[in-house]
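Participant: Give me a model of this one.
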Amino acid sequence: MFTVVKKPLLSGAMVIAVLSIAVPVVAHHAFSAEFDAQKPFELKGVVTKGKWVNPHSWVYVDVKNKDGTVTNWGFEFGSPFALKQKGLTKATLPAGTEVTVKGYLAKDGQSFGYSTSITLPDGKVFQTGGAQDAPTTPARPAN
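Facilitator: Residues are numbered from 1 along each chain as shown. Next comes the predicted model:
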């Protein structure tokens, strides 16, 4: 048998509670909203900083261009918790660490991308991505 809620204040509070839980999920963007699965990259550079924040961590890397100038790239990683489970922490990537990052470029052409993996100077590779709709095969840049 169904019961009818006769307390509109209680009903309203329940609706607000449910919506407040759902809003963060809706606000989370998809890989395809910002990144281009048809534009893989592989870049080498030096870590300048890391931001280990939810829902995505970011690592910034100075990349030397062909003309000798340097561009600071931002790379989106998975959540700090997911990265920690793989053995990758902020302490693993201090500023000054030389790395190779693979992933997919931003759709808008700016200097940021979605990282699928990062390789440290000792050859250790960490899978970094966390988006559910991201490509499942490793990024392979066009020659």
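Participant: For the longest strand along the chain, name the packing helices and strands.
Facilitator: Counting by DSSP state E, the longest strand found in the chain is strand 35-51. If you count contacts as 3 or more Cβ pairs under 8 Å, 6 or more residues apart in numbering; DSSP states H and E, strand 35-51 packs onto strand 58-64, strand 70-76, strand 98-106, strand 112-119. Just so you know, the C-beta spots here come from the backbone N, C-alpha and C atoms, and that holds for glycine as well.
Participant: can I get those in TSV with mean pLDDT, mean neighbour count and distance to residue 90?
Facilitator: Output for these, formatted as TSV (pLDDT from 0 to 100; neighbours: other Cβ atoms under 10 Å; distance: least, Cβ to Cβ, whole Å):
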stretch	mean pLDDT	mean neighbour count	distance to residue 90
strand 58-64	97	18	9
strand 70-76	97	19	14
strand 98-106	96	21	14
strand 112-119	94	22	13
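Participant: just so I know, which of those strands lies nearest residue 50?
Facilitator: strand 58-64 (4.8 Å; Cβ to Cβ).
Participant: So what are the sheet partners of that closest one and their directions?
Facilitator: If you go by DSSP bridges, strand 58-64 pairs up with strand 35-51 (antiparallel), strand 70-76 (antiparallel).
Participant: In the first one, which residues are buried?
Facilitator: In other words, strand 35-51. Neighbour-count burial for strand 35-51 flags 35, 36, 37, 39, 40, 41, 43, 45, 46, 47, 48, 50 (criterion: 16 or more other Cβ atoms under 10 Å).
Participant: who's in contact with the last one?
Facilitator: Contact analysis of residue 50 by Cβ atoms under 8 Å, 6 or more residues apart in numbering lists 57, 58, 59, 60, 90, 93.
Participant: Now residue 82. Nearest residue, chain neighbours left out?
Facilitator: For residue 82, ignoring the flanking residues on the chain, the nearest one in space by Cβ to Cβ, 6 or more residues apart in numbering is residue 130 at 5.3 Å.
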